[in-house]
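1. Fold the following, please.
(2 chains)
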Amino acid sequence: VAKRQSLRIDFEKAVARVDHALTLPVCRDYGVCGCFFVRNQLFETQLVSWRTEGRVSEAMAPELSPEEEPARVMIVEDEVLVRFPIAEALRAVGLEVIEASNADEAWSYLLSGQAVDLIFSDIQMPGTMDGLELTRRVQERFGHIIVVLTSGRRSLRSTDHPHFLVKPYRLGTVTALITSLLEKK
Amino acid sequence: MQRRPPCILLVDADILVRHPLAEYLRECGYRVAQAADLDEARKLFTQRRRRLAIDVVLADANAPGAENAFAFAAWVRANRPGVEVILAGSVDAAAEKAGELCEEEPLSKPYDHQLVLDRIRRSLAARDRVRGEPSP
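-> I've put the predicted structure just below:
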């Protein structure tokens, strides 16, 4: 069962109070066993676990096609009041957004092996590296990740990076650029 | 009219802890704001433009910042009485102090996502009971 795949499951006796068919999101799976959260029409949530033996079978094939995993965008911005609105705007268009408060944090996240499709990074940030150094490292080690840079500093506007946005930017401009770059990918 | 989802402010310096928990809480129907330290958390409370209606703060007791997590929790309790504060940590002394500031003992880390969700639900339900509002 893939993450975010939907299943229809009939409950027999495991959850006596919810004895009708439900559509539910799978949150985790662990090989032959699994656990997930059930949300019924009253928005009551219960943790349910099952074993594959006879509990979930092909006969209960999913009626819904698996949802596509959203693209993962990492925002690297040390100003939370700038980071939060842009993160929310990108989530609103269906992207998964990782919020990093500086380039060091972003780099440690990438090194942990987490998948990222695009990085939207400020240039000037506190820490051991700035956005330009982060970009250099990303291009060297994770060449498949698109990097979009932003800065309000006049001196940094001449950066020859192919994807650059001048601050202050409009949220719509950022979401349009990022979604178009991801579509082309 | 649809009720807005409760907003959780998650404060944790570790992006590998903060991001998965934030995503989990979003999947559970909450709006989640993230802060990497207590200074960012304070900014989210005090910003004037696009003021964020925070319902619950979940903060690592060891989160960095100009003030410590207990001072921050005390500030929230004093200045935003409708906001529930949950501190998370593993140090005994921190636990004792957190017990004085919060309704319940601190959550232990590493996070058990289900326990976090249960605690947030309990906190919101307790707050709504005090206000006389039905829980969502």
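2. Give me the distance between stretch B:106-124 and the centre of its chain.
-> 10 Å (Cα atoms, centre = their mean, to the nearest Å).
3. That one: which residues count as buried?
-> By neighbour count on 16 or more other Cβ atoms under 10 Å in any protein chain shown, the buried set for stretch B:106-124 is B:106, B:107, B:111, B:113, B:116, B:117, B:119, B:120, B:121, B:123, B:124. Placement of C-beta: from N, CA and C, glycine included.
4. which one of the residues you listed sits closest to residue A:124?
-> For the buried residues of stretch B:106-124, the residue nearest residue A:124 by Cβ to Cβ is residue B:111; the value is 32.5 Å.
5. for the closest one, helix, strand, or coil?
-> Following DSSP: H, G, I helix; E, B strand; the rest coil, the label given to residue B:111 is coil.
6. which residues touch the closest residue in space to it that isn't next to it in sequence?
-> Spatial nearest neighbour of residue B:111, excluding adjacent residues (Cβ to Cβ, 6 or more residues apart in numbering or on different chains): residue B:21 at 5.6 Å. For residue B:21, the contacting residues are B:10, B:12, B:111, B:113, B:116, by Cβ atoms under 8 Å, 6 or more residues apart in numbering or on different chains.
7. Would you check which pair of those lies furthest apart?
-> B:12 and B:113 (13.2 Å).
8. okay, now residue A:164: neighbour count?
-> Neighbour count for residue A:164, taken as other Cβ atoms under 10 Å in any protein chain shown: 17.
9. Residue B:19 too?
-> Neighbours around residue B:19, by other Cβ under 10 Å: 21.
10. Look up how far chain A lies from it.
-> 5 Å (Cβ to the nearest Cβ, to the nearest Å).
11. Chain neighbours aside, what residue packs nearest to that residue?
-> residue A:98 (5.2 Å).
12. can you confirm the one you found is in a strand?
-> Yes: under three-state DSSP, residue A:98 falls within a strand.
13. For it, name its beta-bridge partners.
-> In this entry, residue A:98 is beta-bridged to residue A:74, by DSSP bridges.
14. mind checking how far the closest residue to residue B:60 other than its chain neighbours is from chain A?
-> Excluding its sequence neighbours, the residue lying closest to residue B:60 (Cβ to Cβ, 6+ apart) is residue B:12, at 4.6 Å. Applying Cβ to the nearest Cβ, the value for residue B:12 to chain A is 11 Å.
15. can you tell me how far residue B:12 sits from residue A:178?
-> Counting by Cβ to Cβ, to the nearest Å, the separation of residue B:12 from residue A:178 is 25 Å.
16. Which residue of those two possesses the greater neighbour count?
-> residue A:178 (26 against 23).
17. low-confidence ranges in chain B?
-> Across chain B, residues meeting the criterion (pLDDT under 70) sit at B:1-2, B:90-100, B:134-136.
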